[in-house]
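> Turn this into a model:
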Amino acid sequence: MLVNSIILAAVLLAALVLMLPRLASAKGWQATITPLASIIGSGFLVLGPILGASYGKFAPLVMLALCVCAYLFGAAIRFNIHQIATSADKRAPLALKIETVSSWALAFAYIVSVAYYLNLFGAFAVSLTSVDDPYHAKLLTTGMLLLILIVGWTRGYGALERMEQVSVSVKLAIIAGLLVGLALFFAKQAGTQELLFNPAKQTGWAGVTLAFGLIVTVQGFETSRYLGDEYDARTRITSMRRAQWISGLIYMIYIGLLAYVFAPADIKLDETAIIDMMAIVAPILPVLLVAAALSAQFSAAVADTSGAGGLFTEVTKNKLKPKQSYVLLVGAGIVLTWSANIFEIISYASRAFAFYYSLQAIIAALEAFRVRKYILAIFFTALAVLGLLIVLFGVPVEG
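Got it, this is the predicted structure:
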């Protein structure tokens, strides 16, 4: 009972801080919300069970590798934001052509990611009900896809953004409670010398390719690249960096606490495994996690839906309007929902985003070479190769 009270107090305190007018209305924080919503949209829900079951005591190292990989890809995109803002008229013709292909790649990656977010939404929404089965989860996912289509069609991006901001605040407050609960449980296990150091089940190249298939769980920072109508280049660069640092810190604390307190028998590989794991920590956490899941998946889906609408309009030179893009996105999302499982969708999304990141790294390398920053050019080229390896070799988790 005491643990439940402490967790609830942490949630309420975090919510109060996030609701402070000075923070909520700060331009820098508002610019951070969109990338943060995407980055932390689902990672904290699926990464814990996946990394714990697959990598055991090495899970924090894999989490660190994912965060560092995402930050490096973010560096390429931040470099491109700066170059566009300062020397758009001097960019190499090849870079401009690749930019077009890159935008198409991102637009289609968003389609997969929205399906990923809302499939998790459906699974968590039915997890504590009497209809906890794949059919009803997919049915609810389909309904949420149609809801987002209706909102985007009738109200547009402004309405979606307002819904997103509330969702992010709720999600972050619940995550604060989750981390407090895990910290208390970790301390209890450590105090009785019951911490567990499970061996890794996935090692070598199999472990690497599985990690490749998880890149989407730390994806989302690139949305800052496409907020040029609302914020200047410096604000977008800063907001992306801030969002990655905040999400990286949350992920590392989360995985660091979770990796050493659960036995392999306590970890099952399905999309809602975290609920059963957190029930061991504190009775209140499953309910809070479902609320966080619904908020997280909705806000992330909204962010990527908004981004996809603008991107399709941009790459088709206004031939495809945002409303029409929403129809395309929802249609593809429904097909994915009924034809693939969540781990397959995660892998598809990871590879789609890796392709986009690889193209962005190539653009950054060309720009760095043009301005005679040769060390940067080599670095960005290596990143591009890494992105292509992820595309070619990323594999889904086998639940």
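
> Residue 375: how many residues sit nearby?
8 (other CB atoms under 10 Å). C-beta: built from backbone N, CA, C; applies to glycine.

> whoops, residue 234 was the one
Using other CB under 10 Å, residue 234 has 11 neighbouring residues.

> list the contacts for it?
Residue 234 sits next to no residue when contact means CB atoms under 8 Å, 6 or more residues apart in numbering.

> Go ahead and list the helix or strand containing it.
Taking DSSP states H and E as the definition, residue 234 sits inside helix 233-258.

> buried residues in that helix?
Residues 233, 235-244, 246-248, 250-251, 253-258 are the ones in helix 233-258 that count as buried (16 or more other CB atoms under 10 Å).

> now the helices for the stretch 51-200 of the chain?
59-87, 93-126, 134-154, 157-191 (DSSP state H, counting those that start in this stretch).

> Buried deepest among these, which one?
helix 93-126 (a mean of 23; mean count of other CB atoms under 10 Å).

> list the contacts for residue 182?
Contacts of residue 182 (CB under 8 Å, 6+ apart): 254, 257-258, 261, 281.

> can I get those residues in TSV with distance to residue 321 and pLDDT?
Formatted as TSV, the contacts of residue 182 follow (distance: CB to CB, whole Å; pLDDT from 0 to 100):
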residue	distance to residue 321	pLDDT
254	40	92
257	46	92
258	44	91
261	50	89
281	47	86
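
> and of these, the nearest to residue 343?
Looking at the contacts of residue 182 and their distance to residue 343, the nearest is residue 258, at 19.0 Å (CB to CB).

> hang on, isn't that closest one packed against residue 48?
Yes: Residue 258 is in contact with residue 48 according to CB atoms under 8 Å; the separation is 4.8 Å.

> list residues touching both of these two?
residue 277.

> Where does pLDDT dip in the protein?
In the predicted model, the chain carries pLDDT under 70 at residues 41-42, 88-89, 155-166, 228-229, 398-399.

> CSV for the helices of the stretch 51-200 of the chain, including distance to residue 353?
Formatted as CSV, the helices of the stretch 51-200 of the chain follow (distance: least, CB to CB, whole Å):
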stretch, distance to residue 353
helix 59-87, 9
helix 93-126, 5
helix 134-154, 20
helix 157-191, 19
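
> so which of these gets nearest residue 390?
Across the helices of the stretch 51-200 of the chain, closest to residue 390 is helix 59-87 (CB to CB), at 8.6 Å.

> could you give the angle of the closest one to helix 93-126?
140 degrees (axes from the mean of the first three to the mean of the last three CA atoms, to 10 degrees).

> counting contacts, what elements does helix 59-87 pack onto?
On a contact count with 3 or more CB pairs under 8 Å, 6 or more residues apart in numbering; DSSP states H and E, helix 59-87 meets helix 43-55, helix 204-212, helix 233-258, helix 342-370, helix 374-393.

> ok, how many other residues are close to residue 21?
The burial count for residue 21: 7, using other CB under 10 Å.

> Would you quantify the distance from it to residue 107?
Between residue 21 and residue 107 the computed distance is 36 Å (CB to CB, to the nearest Å).

> Quick check: residue 356 touching residue 221?
No: Residue 356 is not in contact with residue 221 according to CB under 8 Å; the separation is 11.7 Å.

> Residue 247 contacts residue 44, doesn't it?
No: contact criterion CB under 8 Å: residue 247 and residue 44 do not qualify, at 9.0 Å.

> pretty sure residue 357 is touching residue 73, no?
Yes: with contacts counted by CB under 8 Å, residue 357 reaches residue 73, the gap being 4.2 Å.

> which residues do these two both contact?
Joint contacts of residue 357 and residue 73 (CB under 8 Å, 6+ apart) are 383, 387.

> Just list the residues touching residue 51, thanks.
By CB under 8 Å, 6+ apart, the contact list for residue 51 reads 59, 62-63, 255, 259.
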